[in-house]
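Visitor: Got a sequence here, can you build the structure:
(one chain, ligands or ions: 1)
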Amino acid sequence: MKIAFLGLGDIGAPIASHLAREPFDLVVWNRTSSKSEEFARNYKVRAARTPAEAVSGVDVVITCLPSSAEVEAVVHGENGILGAMRKGAVLVDCTSGDPPTSRSIAAELGGRGVEFIDAPVSGGTSGAKAGTLTVMWGGEETVFQRVKPVIEAFGKKIVHAGPVGSGDALKAVNNALLAVHILSTAEGLAILAKAGVDPRVALDVINASSGRSNTSENLIPQRVLTREFPRTFRLALLDKDIGIASVLAEDLSVSTPLITLTADRFHEARKKLGDQVDHVEAVKIVEEENRLELK
Ligand code: NDP
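Guide: Here you go, the predicted model:
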């Protein structure tokens, strides 16, 4: 099966690494060509010079880009894939995108005989390296069946969320909850630090109690208390995800004051800390406001 993979970023590259083997025939493209050339050397696959060249004649195209805006640009832009994908091919968009844009891309491709599913992932860069990602997809079952072996190469839990755009919606809400956990856990630990409770003692109890989350069990102990803050998932991307969740809530007239407030706080954190830092660094706004460091 011929596959083109577009977007070798923090999570795109480890996902693509699982497709660089039989029975797949992989070609990669990345905006910064040095990354695709290095990937091609390491995995003995072909690097294309343009998106159009990459997708020409392939059965499945996978995009893994920051947001739906970049997917649209790769579809329509100069040397874009719109006119270059063959009829009957499928675009699997692993970007954490937004539902309306995914639906409009699906409609446009559909008019040219190309199928689309949104297939955002969770599990982080470690899950991508291990090939154990959770994949939440939106679209038609018959389309999914054609790309199932490709998704199974990097996904462990694979769930049909609903029609096109549903995978994006589910991913945005999951990440909105992650954003809430990061800020609320940091705020809770700040209260406890001022009350004289060591953050490690606090987490020991919280993680054996009902306040626990992946943030309290893994992110804060491994990344904040150590002050290591490794970059695996940019804060700018989580800001984008919670923004998608808030817009979706507004579009659907769902009242979500907590998610809206957290979205505002993440915009603020992004403005202060920049686009390149890791998402967990958002705790620094809580630390700065309270003049303390959680360590
Ligand atoms: P990165 O920022 O690490 O990589 C983004 C990729 O998109 C790079 O290949 C970059 O190319 C490319 N890109 C950026 N802008 C453009 C553009 N205008 N045109 C073409 N290509 C472009 O992101 P991630 O790999 O971390 O994330 C990708 C998607 O996966 C996002 O939607 C994210 O929310 C989601 N995700 C990420 C997770 C993670 O742990 N990192 C976990 C789950 C989902 P270049 O190299 O030239 O910059």
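Visitor: Show me where the stretch 151-295 of the chain has its strands.
Guide: Shown for the stretch 151-295 of the chain, the strands assigned by DSSP state E, counting those that start in this stretch span residues 155-162.
Visitor: who in it is up against the ligand?
Guide: Residues of the stretch 151-295 of the chain lying near the ligand by CB under 6 Å from any ligand atom: Thr232, Phe233, Arg234, Leu237. For glycine as for every other residue, the C-beta is placed from the backbone atoms N, C-alpha and C.
Visitor: what's the neighbour count on the spatially closest residue to the second one that is not a sequence neighbour?
Guide: Closest residue in space to Phe233, ignoring its immediate chain neighbours: His279 at 5.1 Å, by CB to CB, 6 or more residues apart in numbering. Number of residues near His279 (other CB atoms under 10 Å) recorded here: 26.
Visitor: mind listing what the residue nearest the centre of the chain touches?
Guide: By CA atoms, centre = their mean, the chain has its centre lying nearest to Ser96, at 4.5 Å. In this structure, Ser96 makes contact with Ser67, Pro120, Asp168, Lys171, Ala172, Asn175, Leu237, Lys240, Asp241, Ile244, judged by CB atoms under 8 Å, 6 or more residues apart in numbering.
Visitor: Which one of those is nearest to the ligand?
Guide: Leu237 (3.9 Å; CB to the nearest ligand atom).
Visitor: which phi and psi does the closest residue to the closest one other than its chain neighbours have?
Guide: In space, not counting the residues next to it along the chain, Leu237 is nearest to Pro66; the distance is 6.2 Å by CB to CB, 6+ apart. Dihedral pair for Pro66: phi -60, psi -50, per degrees, to the nearest 10.
Visitor: want to throw the contacts of Ser96 into JSON lines with pLDDT?
Guide: Converted to JSON lines, the contacts of Ser96 look like this (pLDDT from 0 to 100):
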{"residue": "Ser67", "pLDDT": "98"}
{"residue": "Pro120", "pLDDT": "98"}
{"residue": "Asp168", "pLDDT": "99"}
{"residue": "Lys171", "pLDDT": "98"}
{"residue": "Ala172", "pLDDT": "98"}
{"residue": "Asn175", "pLDDT": "98"}
{"residue": "Leu237", "pLDDT": "98"}
{"residue": "Lys240", "pLDDT": "98"}
{"residue": "Asp241", "pLDDT": "98"}
{"residue": "Ile244", "pLDDT": "98"}
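Visitor: Of the residues you listed - the most surrounded one?
Guide: Most surrounded of these: other CB under 10 Å gives Asp168, at 30 neighbours.
Visitor: from what I can see that one touches Pro120, true?
Guide: Yes: at 6.0 Å, Asp168 and Pro120 qualify as touching, with contact defined as CB atoms under 8 Å.
Visitor: Residues in contact with both of the two, list them for me.
Guide: Joint contacts of Asp168 and Pro120 (CB under 8 Å, 6+ apart) are Ser96, Gly97.
Visitor: Show me the residue of this protein that gets nearest to the ligand, please.
Guide: Gly9 (1.9 Å).
Visitor: did I read that right, that residue in a helix?
Guide: No: according to DSSP: H, G, I helix; E, B strand; the rest coil, Gly9 belongs to no helix; its state is coil.
Visitor: List the residues that contact it.
Guide: By CB under 8 Å, 6+ apart, Gly9 lies in contact with Cys64, Leu65, Pro66.
Visitor: With Ala4 instead?
Guide: Leu26, Val27, Val28, Trp29, Ala48, Ala54, Val55, Val58, Val60, Val61, Ile62.
Visitor: what helix or strand is the residue nearest to it when sequence neighbours are not counted on?
Guide: Closest residue to Ala4 apart from its sequence neighbours, by CB to CB, 6+ apart: Ala54 at 4.2 Å. In this structure, Ala54 sits in helix 51-55 according to DSSP states H and E.
Visitor: Show me how far the helix or strand following that helix is from its chain's centre.
Guide: With elements assigned by DSSP H and E, the helix or strand that comes after helix 51-55 is strand 60-63. Offset of strand 60-63 from its chain centre (CA atoms, centre = their mean, to the nearest Å): 15 Å.
Visitor: I'd like the next helix or strand past strand 60-63.
Guide: Following strand 60-63 in sequence, per DSSP H and E, is helix 68-76.
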